[in-house]
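In: Need a 3D model of the sequence below.
(one chain, ligands or ions: 1)
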Amino acid sequence: MVVDLRALAAEVLHRAAVGPGTRVCCALSGGMDSIVLLDVLCALQPSLGFQLSAVHVHHGLSPNADDWLAFCERVCAARGVAFQAVCVNVPAGDRDGLEGAARRQRHAVFDRQDCDWIALGHHRDDQAETVLFRLFRGTGVRGAAAMAEIDARPLRQPGRLRPLLAAGRPQLVEHAHVAGLSWVDDESNADCRFARNRIRHRILPEIEQAFPAASVSLGRAAAHFREAAGLLDDLAELDACACRGDPNLDDGVRGWRRSALLALTDSRLLNLLMWQIQRHGMLPLSTARMLEAVRQFREVGEQRPFRLPLGGLVWHAYRDQAWLEALVSDLPVPQSWQGLPGAHLPWGGGHVVFKRAQGQGIDERHFLAANECRLDLRPPGLRLQPAAGRPRRSFKNLCQEAAIPDWLRARLPVLTIDGQVVWVGGIGADQGFACPPGRAGVLPVWHAQA
Ligand SMILES: Nc1ncnc2c1ncn2[C@@H]1O[C@H](COP(=O)(O)OP(=O)(O)OP(=O)(O)O)[C@@H](O)[C@H]1O
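Out: Numbers count the residues shown, from 1 in each chain. This is a model prediction of the structure:
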């Protein structure tokens, strides 16, 4: 049986292309599951050549929390595994309950680890519990897909590996005994006031009386749901391409055309938003909240600016552009650069690209002669001449003319060359710097979305 778990885990690691140079961090609670996982990873590490470390999250919720941390530290020291403990504060009265809040904090710690994969000790019985728990709460297809053995994450966050997901709890117990492992018991796991524990200790055993292979079957059902969820993701990707904004931009995530989003059915739009939220590494919101967001989006129509928080993101629409952006309270950070065309500069949750464009944008000679090019926040008293033969206009007038809403104004990127305002995102270039026909020009393009 010991060999079985190693072979099982090795196969998962192989599929995830874990090898020399890959950094795997074992999420170590000190409970039996993650202690078995650490044992299996330690056994595989010499032959696969990955770098192994461990992290323990100290939630401070149990009087025994300090002992668990000390235990994990001792286990890792004995095995020569680099160990890190992170203490978190779990706020009381959280909308997700104490358990849910602790889980969110734990995953936030995992997201910050400097590694390629976080390995978790989940097994088949956890999977069955998760599927049931979510179904009882009315989950959709993506939720019922529950946990994946290999879950790559976007935005450079470490992915999640669950090398023991196909094994049952009895196999882990047997491995632990045969290998002579010791572990700690989290007393809250026995507390049937928590819904998850009631499923584990009462509901699932009752179901298994009638359906002895229930957890295997629920694991299979999760795999079917995962396949269906993959198809929904494919559809979302097709819709994202069809609704894409600027086709010239060469990076992966682009804004959408608002008019194209409005032409989708509610369920396609919902699917697209869910997919994008997932790509931002955020947890999905309830379908009811998402449908309400879609309703408001439609109500605002094609013209008026739209801004709606969606969990950790904000859904924006401005003119024919629409995008989801991470909720950032800070203003974008000004920066200087060499002024070479082709630059790609981060700006808030999005970026500004500087494209070469014959006869368009700003005359390249201004960049070549510049001492300093800067992407800045709006300077006081900003004025700009938006078109030849027209007077210079104040920032307020320019924004009013361009129908730029208040919430966007403080965050517009302003390009200055040697201290002079040359271009403002969403408004355009100052005519004094405009590129004449036939000459080499540089066209700044601002994308509010990442
Ligand atoms: N305090 C902790 N510190 C580090 N890792 C932990 C901690 N708690 C749980 N884990 C990791 O998460 C795995 C699953 O733990 P558990 O079943 O308690 O969490 P869950 O709430 O069901 O799952 P999840 O947190 O993934 O939603 C463990 O096997 C372990 O790898």
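In: Angles on the backbone of the residue nearest to Leu181 when sequence neighbours are not counted, please.
Out: In space, and not counting its chain neighbours, Leu181 is closest to Ile35: 5.4 Å by CB to CB, 6 or more residues apart in numbering. Glycine gets a C-beta too; all of them are placed from N, C-alpha and C. When read as degrees, to the nearest 10, the backbone of Ile35 gives phi -70, psi -40.
In: now Ile417
Out: According to degrees, to the nearest 10, Ile417 has phi -120, psi 120.
In: Keeping just the C-alphas, turn stretch 310-321 into PDB.
Out: What follows is stretch 310-321, C-alpha atoms only, in PDB (Å, rounded to 0.1, in the frame of the first residue of the first chain):
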ATOM      1  CA  LEU A 310     -17.900  42.000  -8.200                       C
ATOM      2  CA  GLY A 311     -16.200  40.500  -5.200                       C
ATOM      3  CA  GLY A 312     -12.500  41.400  -5.500                       C
ATOM      4  CA  LEU A 313     -13.000  42.800  -9.000                       C
ATOM      5  CA  VAL A 314     -14.800  45.800 -10.600                       C
ATOM      6  CA  TRP A 315     -16.700  45.500 -13.800                       C
ATOM      7  CA  HIS A 316     -16.300  48.600 -15.800                       C
ATOM      8  CA  ALA A 317     -17.800  49.800 -19.100                       C
ATOM      9  CA  TYR A 318     -16.900  53.100 -20.700                       C
ATOM     10  CA  ARG A 319     -18.100  54.000 -24.200                       C
ATOM     11  CA  ASP A 320     -17.800  50.700 -26.200                       C
ATOM     12  CA  GLN A 321     -15.100  49.300 -23.900                       C
END
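In: Going by neighbour count, list what's buried in it.
Out: Going by neighbour count (16 or more other CB atoms under 10 Å), the buried part of stretch 310-321 is Leu310, Leu313, Val314, Trp315, His316, Ala317, Tyr318, Arg319, Asp320, Gln321.
In: Need the contact partners of that stretch.
Out: 245, 255-259, 261, 273, 277, 280, 282-283, 285, 289-290, 293, 297, 300, 302-303, 305-309, 322-327, 403-405, 408, 426, 448 (CB atoms under 8 Å, 6 or more residues apart in numbering).
In: out of these, which are buried?
Out: 245, 255-258, 261, 273, 277, 280, 282, 285, 290, 293, 297, 306, 322-326, 404, 408, 426, 448.
In: Val442 - that's part of a strand, no?
Out: Yes - applying DSSP: H, G, I helix; E, B strand; the rest coil, one finds Val442 inside a strand.
In: and it, how many residues sit next to it?
Out: For Val442, the neighbour count with other CB atoms under 10 Å is 29.
In: Repeat that for Glu174.
Out: For Glu174, the neighbour count with other CB under 10 Å is 17.
In: secondary structure element for it?
Out: Per DSSP states H and E, Glu174 falls inside helix 169-178.
In: for that helix, packing partners?
Out: helix 2-15, helix 32-48 (3 or more CB pairs under 8 Å, 6 or more residues apart in numbering; DSSP states H and E).
In: Pull up the residues of the stretch 1-150 of the chain that are close to the ligand.
Out: For the stretch 1-150 of the chain, the residues in contact with the ligand (CB under 6 Å from any ligand atom) are 27-29, 33-34, 55-57, 59, 103, 106, 120-122, 126.
In: for the stretch 251-400 of the chain, what are the low-confidence residue spans?
Out: Applying pLDDT under 70 to the stretch 251-400 of the chain flags residues 251-254, 328-329.
In: which residues in it form helices?
Out: Ranges of helices within the stretch 251-400 of the chain are 258-263, 266-279, 287-300, 364-368, 395-401, based on DSSP state H, counting those that start in this stretch.
In: Can you pull out the residues in contact with the shortest one?
Out: When you say that, I think you mean helix 364-368. Residues contacting helix 364-368 (CB under 8 Å, 6+ apart): 339-341, 356, 373, 417, 422, 433, 435, 439-442.
In: now do 10 Å
Out: For helix 364-368, contacts defined as CB atoms under 10 Å, 6 or more residues apart in numbering pick out 338-341, 343, 354, 356-358, 373, 415, 417-418, 420, 422, 432-435, 439-442.
In: Figure out the helix or strand that whichever residue of the chain sits closest to the ligand lives in.
Out: Closest contact between the chain and the ligand, by CB to the nearest ligand atom, is at Gly121 (2.6 Å). Counting by DSSP H and E, Gly121 is held by no secondary-structure element, helix or strand.
In: Sounds good, over and out.
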